[in-house]
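Next comes the sequence, and after it the predicted model I'd like to discuss.
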Amino acid sequence: MNKTKGSIVGINGNMISVAFDGNIIQNEVGYAITGEDRLKSEVIKIQGNIAFMQVFEITKGLKIGDKVEFTGEMLSVQLGPGILGMVYDGLQNPLNELAELHGFFLKRGVILDALDFNKKWEFTPTAKKGDIVTGGSILGHVSEGIFEHKIFVPFDYQGNFTVKSIVEKDSYKVDHVIATIENDKGDQLELMMYFDWPVKIPITNYREKMVPKEPLVTQTRIIDTFFPVARGGTYCIPGPFGAGKTVLQQVTSRFAEADIVIIAACGERAGEVVETLREFPEITDPRTGKSLMERTIIICNTSSMPVAAREASVYTAATLGEYYRQMGLNVLLLADSTSRWAQAMRELSGRLEEIPGEEAFPAYLESRIAQFYERAGLVELNDGNMGSLTIGGTVSPAGGNFEEPVTQSTLKVVGAFHGLSRDRSNARRYPAIHPLESWSKYKSFNQPKLIDDARKILFKGNEVHQMMLVVGEEGTSIEDYIIYLKSEFLDSVYLQQNSFDSVDGATSPERQKYAFKYVHDVLMTEFSLKEKNEARNFFNKMRQLFIDWNYIDMKDEEFNKQEAIITKLIEENSSDAEGI
Amino acid sequence: MQKVYNKILSVTGNVITVRASDVAYEELAEVTTQRGKSLAQVIKLENDIVSLQVFAGSQGIATNDEIRFLGNPMRVTFSDNMLGRIFNGSGVPRDRGPALTENMIEIAGPSVNPAKRIIPRNMIRTNIPMIDLFNSLVVSQKLPIFSVSGEPYNELLARIALQAEVDMIVLGGIGLKYDQYMYFKNTLEEGGALSRSIFFVHTASDPIVEGLMVPDLCLAVAERFALKGKNILVLLTDMTNFADALKEIAITMEQVPSNRGYPGDLYSQLAARYEKAVDFDTAGSVTILAATTMPGDDVTHPVPDNTGYITEGQFYLRNGRIEPFGSLSRLKQQVNDKTRDDHRAIMDGMIQLYAQYNETEEKRAMGFRMSEWDKKLLKYGKLFESNMMDLSVNIALEDALDLGWKILAECFTPEETRMKTDLVKKFWPKEAA
Ligand SMILES: Nc1ncnc2c1ncn2[C@@H]1O[C@H](COP(=O)(O)OP(=O)(O)O)[C@@H](O)[C@H]1O
Ligand SMILES: [Mg+2]
């Protein structure tokens, strides 16, 4: 094959301009060659015979005149069995394998296969000779940990093909030819258990995209009850630094009731990924009995890794998510932080000297963000099964001010908004999701009526609180004061949750329903408290008992005992009891 | 085979351009002017036009001055002979010691593979309760001190450096005032730590561009020592000056600014430095403490804002105290469960109450009548400020925890503190209960 060649005529940070001879395609990969190193790059703009390319590596040492080899392929990932449990960089380079070969540092220009080409997988064919197949048809499956990993006809195969041959059930390597198919022109094509897919092109081999309706349980109470996430839906977590975005995503990655969780550590701290990386293999997923790592994929392109690869990393993550969705699985993609991805676009746009929009972000920022979240969705697959990809992204607004381009563009497209508040995190009210400003378009498993009641108390409690700041406690009636105490009670015992506690850290839907009903009853109870000190003492005591209760496992016998103690305290102080 | 050119095409800000070939991106050149020699670094290549930032600044550069390309990027010497030595922002000695040219290493090397990182596990004790108890510092942490100018951030850095149990201290001064430079030197000398320290000092009177290299020089050297098993504390002061130098170059290069004139890659630039903090599994570690002054005491200013998103927490220094609000060590939970079983509860409980005290204090200032509860909070707040927050308090963590319980018991009943019942049983001072 005759690949296009070029040579470098300009270098500016991670962008090179390359004079080329022949034909190239937008988003094509090329390699800039300097000494021993081949630096992977992507075409992002073409003008006459000049290609502007972002280099996925440090450009130190490159010279004018250095050669560039184009590949004819768009930036792609390898799709096939063996992705689960892997830790990749933004371009799907396996980091553990890189570490084995090169030690502590990420050596420039080293590219490894994303899949293990030596490992054998037991393949069970489900298609037969003579079957008519097309892109996305299932040929068979292998078992990848706890999942049945479907083997597909590559998604971009158009039209009908006839299966000419397919291998027997046996163990094969991923690059073994498992089937031969033929198109109507009689061309024969050999299929293996893996294929490449361009990351910036969504996988759409499904029958229909549906409206998300089932909740995706996160086991975080304020989310599941008040601002739920849906399977196939989207949500965002904007918040200033230190408000708890990453911790919230870590907790979600651990406890969310999804089949597969993809963590895209995009341009943030490496240390944060390490916690996941080291701990997940040790944690047993109570739902499967296997290690959490077996359902997890980590895409790790942290802040000091090359910026262009950071831009690509969210697409890599989305592509892997779509791939597993094709198998009828529920996938959750958590991206931290989408602002770093947006900034990578901004850096590049600046080097391309494009006309800048607000805060120097490119004019296409909004459409890129929309396209990214559009890759989420609940879909009915061609075989009738359902699959979902849910996307939750953190946003790191400059100065913590939500009136900035990335937050605003994101809010336009997502289905739920978990806004983290500096005030709440300062007061250690975690998770610091603001209960009055956040919203969700999805339905909770808790009863709407109860949620509505609770929300009213929060709202009124806040009003009373604001008023008290002006008129003082003495200017507040005991009725109002009790509403305020009730809203504080709801906040402390239900909205707040100790992420680092083994019991309180995750609340099952069953327990959420139970506890929420109970809290609701408290909120609706009329108390016989006459005086503010008395009321405050009572609620202090209640809160204490309830928090202790939160720390007790529901299966523990102490659970009922603690409940009885709380119930007794309530009865002693409710108005109904007074007459007795 | 060095290439020499003597026709400068343009001089803009501290950036010059020349026509040259076979020049590598980020290569160094030496510019000889009537004022002497200066290093310059290639920051852009376009056909045969080479843009260089001149470390000594462009003042006095003549269009026919000589530019000699050195054929290598910025490097620094690395050896034990560096201990006790003081260098400038170009890596040249600024003490009277001999020049060191042995074993030159490249600076700004590749990132550590995240898969090779380990979970931080060792606390660095400072005997400052606002750090040890409320926001423990951890080996390999990267942490800035956010402060308005005039606050004693350099004093705090020096004190931590002296009290922390580390093998070596690398000090990077960027735009450091001369008296502060002398302060560090004298303090470390008196504390007997100078012989295990290396200074890279760019002072406020040195050319601005020269300060740009300081973090990379410090971190390259620290990283090498860490690979040899040493635990290094790197102090960078002041990173806002570093960011301002970046801004100046960006404006000269006509980059579109993103926010208040700072370049769009400010985040990536800062992260490239701070992410050098690391704990090598089988070797030593690099911990970074930086000073970040906040122009106008505004934490939303691009420099502290971007820094906060990168670092593993921050200490706010205000009125000579480390503020409990906003101050945060993100790594504290890696270590504060291995100290004493009341550590976390005291940490959270005391801060929540202090937050309530602040609200009450506001109400009091507005002239509202104080309830019984308010009065308790007021008493508590005062005790907390004088006995815990004051920077002169110098006690071990365990003593600080005991002190915490004592303060609580002096002010509240156990229920009012929201402490878990079992901890109250174990730690509530008996005489007060
Ligand atoms: N749910 C939580 N429970 C307890 N502490 C939390 C919680 N969320 C955040 N924190 C504290 O806040 C710090 C910063 O949280 P993080 O998620 O890293 O913030 P962000 O990603 O928004 O910058 C954590 O290191 C931890 O100390
Ligand atoms: Mg974060």
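Sure, I can see it. Ligands and ions are numbered 1, 2, ... in the order given.

hang on, B:Glu416 is in a helix, isn't it?
Yes - the assignment for B:Glu416 by DSSP: H, G, I helix; E, B strand; the rest coil puts it in a helix.

So it sits against A:Asn540, correct?
Yes - taking C-beta atoms under 8 Å as the definition, B:Glu416 is a contact partner of A:Asn540 at 5.9 Å. Quick note: C-beta positions are derived from backbone N, CA and C, even for glycine.

can you point me to the longest helix in the chain?
Just so you know, I chose chain A. Criterion DSSP state H: the longest helix present in chain A is helix A:448-471.

oops, I was thinking of chain B
Counting residues, the longest helix found in chain B (DSSP H) is helix B:343-365.

Just want the angle from it to helix A:448-471.
Put simply, helix B:343-365 runs at 50 degrees to helix A:448-471, going by axes from the mean of the first three to the mean of the last three C-alpha atoms, to 10 degrees.

for the residue nearest to B:Asp65 when sequence neighbours are not counted, what are its contacts?
Take B:Asp65 and drop its neighbours on the chain: the residue closest to it by C-beta to C-beta, 6 or more residues apart in numbering or on different chains is B:Thr33, 4.8 Å away. Contact analysis of B:Thr33 by C-beta atoms under 8 Å, 6 or more residues apart in numbering or on different chains lists B:60-62, B:65.

Mind picking the one among those that's closest to ligand 1?
Using C-beta to the nearest ligand atom, B:Ile61 comes nearest to ligand 1 of these, at 44.1 Å.

mind checking pLDDT for that closest one?
Note for B:Ile61: predicted pLDDT of 94.

what do you get for B:Gln356?
At B:Gln356, pLDDT is 91.

again with the one 5 residues further on
Among the per-residue scores, B:Glu361 holds a pLDDT of 93.

What number of residues are in the vicinity of it?
Neighbour count of B:Glu361, defined by other C-beta atoms under 10 Å in any protein chain shown: 15.

got it, and the one 5 residues further on?
By the criterion of other C-beta under 10 Å, B:Met366 has 11 neighbours.

cool, and B:Leu143?
Using other C-beta under 10 Å, B:Leu143 has 26 neighbouring residues.

In three-state terms, label it for me.
Here B:Leu143 is recorded as strand under three-state DSSP.

What residues does the stretch 251-400 of chain B have near ligand 1?
The stretch 251-400 of chain B has residues B:328, B:330, B:333 near ligand 1, with proximity defined as C-beta under 6 Å from any ligand atom.

Adding neighbour count, write these out as CSV.
Putting those into CSV (neighbours: other C-beta atoms under 10 Å in any protein chain shown) gives the following:
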residue, neighbour count
B:Leu328, 22
B:Arg330, 23
B:Gln333, 16
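
give me the subset of those touching chain A.
Contacts with chain A are made by B:328, B:330, B:333 out of these, judged by C-beta under 8 Å from any C-beta of the partner chain.

Could I get the residues you listed in TSV, plus columns for pLDDT?
Shown next, in TSV, are these (pLDDT from 0 to 100):
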residue	pLDDT
B:Leu328	91
B:Arg330	92
B:Gln333	89
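
Of those residues, which belong to strands?
Mapping those onto strands (DSSP state E) picks out B:Leu328.

nearest to ligand 2, of the ones next to chain A among the residues of the stretch 251-400 of chain B next to ligand 1?
Using C-beta to the ion, B:Arg330 comes nearest to ligand 2 of these, at 8.4 Å.

give the contact list for the closest one.
By C-beta under 8 Å, 6+ apart, the contact set of B:Arg330 is A:242, B:312-313.

and of these, the nearest to A:Ser7?
The shortest gap between A:Ser7 and any of those belongs to B:Glu312, at 43.1 Å (C-beta to C-beta).

my guess is the closest one contacts B:Leu143, does it?
Yes - B:Glu312 lies in contact with B:Leu143 (C-beta under 8 Å); the separation is 6.0 Å.

if I look at those two, which residues touch both of them?
With contacts defined as C-beta under 8 Å, 6+ apart, the residues adjacent to both B:Glu312 and B:Leu143 are B:Ser329.

How about stretch A:342-352 and chain B, touching?
Yes - residues of stretch A:342-352 contacting chain B under C-beta under 8 Å from any C-beta: A:343, A:346-347, A:350.

okay if I get these as JSON lines plus pLDDT, secondary structure and neighbour count?
JSON lines is the format used below for the residues of stretch A:342-352 next to chain B (pLDDT from 0 to 100; DSSP: H, G, I helix; E, B strand; the rest coil; neighbours: other C-beta atoms under 10 Å in any protein chain shown):
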{"residue": "A:Gln343", "pLDDT": "94", "secondary structure": "helix", "neighbour count": "29"}
{"residue": "A:Arg346", "pLDDT": "93", "secondary structure": "helix", "neighbour count": "29"}
{"residue": "A:Glu347", "pLDDT": "90", "secondary structure": "helix", "neighbour count": "27"}
{"residue": "A:Gly350", "pLDDT": "89", "secondary structure": "helix", "neighbour count": "24"}
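
Need the phi and psi values for A:Gln47.
Per-residue torsions, A:Gln47: phi -140, psi 110 (degrees, to the nearest 10).

ok now do it, which residues does it touch?
For A:Gln47, no residue meets the contact criterion (C-beta under 8 Å, 6+ apart).

Relative to A:Val9, how far out is it?
Note on A:Gln47: its distance to A:Val9, by C-beta to C-beta, to the nearest Å, is 12 Å.

Tell me the buried residues in stretch B:104-112?
Neighbour counts over stretch B:104-112 (16 or more other C-beta atoms under 10 Å in any protein chain shown) mark B:106-112 as buried.

Return the subset of these lying in strands.
Counting by DSSP E, the buried residues of stretch B:104-112 place B:Glu106 in strands.
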